[in-house]
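**Student:** coordinates only, no sequence provided:
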Ligand SMILES: [Zn+2]
């Protein structure tokens, strides 16, 4: 890894001397690599989310985790070409090779979303062991969000996986008590809302929020809460207005928690700095 001084020096050199610098070409190259890797991760996690939503993981977890995807119409295994993220879908025009049945557009969309997310992580943190681990944690959170959207259910096994992947970054932070406070704040806020407005959240939301609190620590949990509650409330009001359902409608909340988590992972420090400057 480059030292901070060297990185700063490279940035100055980049801005002053070299029109198309080596560092810029390298960063474009690493961004492309991370996009492709992210799209592959998206293919895996979207398939996993669909299998969770369909209840396949409960029936046979190992088979559901590692078996090849099958066509929803004819149940034949998806041809290898379609397994290439995004490109496979474009070449086959989203049709099964056996029965010409339609494959959901959600597959390439999820792959693009994960690819862009990986590029964002790479642009912000570079490609390191820790940035890859943080990206995987974000991947699991997004997978939880996708299962919640399609089945209004948050699987315990995914929350456990999220927590296990969080242990190393938490130890690295060196302040485990702060992460304990993160759990307390998130559990308290969501537990309290659940007691005051029963049915507003599921118990799965409380568990997922607590796991995010463990990963994020106290200050970053506040950023997650802010983003999740504001985006969730705005969406809820807009949804109720469009569907004319009234405000007591139940919407999946894991997508907003995941959004808050990703915003806090990528820009939490900058957001907290703004708040500290306002307070001081
Ligand atoms: Zn088919």
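**Tutor:** The structure has been received and is ready for your questions. Predicted, not measured: the structure shown is a model, and the values here were computed from it. Numbers count the residues shown, from 1 in each chain.

**Student:** how about residue 70, phi and psi?
**Tutor:** phi -120, psi 160 (degrees, to the nearest 10).

**Student:** ok, now residue 142?
**Tutor:** According to degrees, to the nearest 10, residue 142 has phi -70, psi -40.

**Student:** tell me how many other residues crowd it.
**Tutor:** 25 (other C-beta atoms under 10 Å). (C-beta placed from N, C-alpha, C; glycine too.)

**Student:** so what's it up against?
**Tutor:** Residue 142 makes contact with 45, 113-114, 117, 258, 262, according to C-beta atoms under 8 Å, 6 or more residues apart in numbering.

**Student:** quick one: the residue of the stretch 151-280 of the chain found nearest the ion from residue 145, how far?
**Tutor:** Of all residues in the stretch 151-280 of the chain, residue 151 sits closest to the ion, at 23.8 Å by C-beta to the ion. To residue 145, residue 151 is 12 Å away according to C-beta to C-beta, to the nearest Å.

**Student:** ranges for the helices of this structure?
**Tutor:** 4-16, 22-53, 56-59, 61-66, 80-83, 87-92, 106-125, 129-151, 156-173, 176-196, 203-243, 254-279 (DSSP state H).

**Student:** mean pLDDT for the ones you listed - can I get that in JSON lines?
**Tutor:** Shown next, in JSON lines, are the helices of the chain (pLDDT from 0 to 100):
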{"stretch": "helix 4-16", "mean pLDDT": "46"}
{"stretch": "helix 22-53", "mean pLDDT": "86"}
{"stretch": "helix 56-59", "mean pLDDT": "76"}
{"stretch": "helix 61-66", "mean pLDDT": "72"}
{"stretch": "helix 80-83", "mean pLDDT": "77"}
{"stretch": "helix 87-92", "mean pLDDT": "88"}
{"stretch": "helix 106-125", "mean pLDDT": "94"}
{"stretch": "helix 129-151", "mean pLDDT": "95"}
{"stretch": "helix 156-173", "mean pLDDT": "95"}
{"stretch": "helix 176-196", "mean pLDDT": "93"}
{"stretch": "helix 203-243", "mean pLDDT": "93"}
{"stretch": "helix 254-279", "mean pLDDT": "94"}
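
**Student:** thinking again about what came up before, the residue of the stretch 151-280 of the chain closest to the ion reaches residue 51, doesn't it?
**Tutor:** No: counting by C-beta atoms under 8 Å, residue 151 stays clear of residue 51, with 11.1 Å between them.

**Student:** of those two, who's got more company?
**Tutor:** Neighbour count, other C-beta under 10 Å: between residue 151 and residue 51, residue 51 has more, with 21 against 16.

**Student:** wait, that one sits on residue 57?
**Tutor:** Yes: counting by C-beta under 8 Å, residue 51 touches residue 57, with 5.5 Å between them.

**Student:** what sits against residue 218?
**Tutor:** So residue 218 contacts 178-179, 181-182, 185 (C-beta under 8 Å, 6+ apart).

**Student:** hmm, who's touching stretch 223-233?
**Tutor:** For stretch 223-233, the surrounding residues in contact (C-beta under 8 Å, 6+ apart) are 185-186, 189, 212-213, 216, 251, 253, 256-257, 259-261, 263-264, 268, 271-272.

**Student:** how about that stretch: buried residues?
**Tutor:** For stretch 223-233, the neighbour count (16 or more other C-beta atoms under 10 Å) marks 223-225, 227-229, 231-232 as buried.

**Student:** and residue 121, how far is that from the ion?
**Tutor:** As judged by C-beta to the ion, to the nearest Å, residue 121 and the ion stand 35 Å apart.

**Student:** I should have written residue 137 there, sorry.
**Tutor:** Taking C-beta to the ion, one finds residue 137 at 35 Å from the ion.

**Student:** residue 35 too?
**Tutor:** Residue 35 is 29 Å from the ion, by C-beta to the ion.

**Student:** residues near that residue, how many?
**Tutor:** Residue 35 has 22 neighbours, counted by other C-beta under 10 Å.

**Student:** same check on residue 278?
**Tutor:** 7.

**Student:** out of the contacts of residue 142, who's the most crowded?
**Tutor:** Ranked by the number of neighbours (other C-beta under 10 Å), these place residue 114 first, at 27 neighbours.

**Student:** in contact with the closest residue to the residue of the stretch 151-280 of the chain closest to the ion other than its chain neighbours, which residues?
**Tutor:** Nearest in space to residue 151, with sequence neighbours left out and distances taken as C-beta to C-beta, 6 or more residues apart in numbering, is residue 53 at 4.3 Å. Neighbour list for residue 53: 146-147, 150-151, 153 [criterion: C-beta under 8 Å, 6+ apart].
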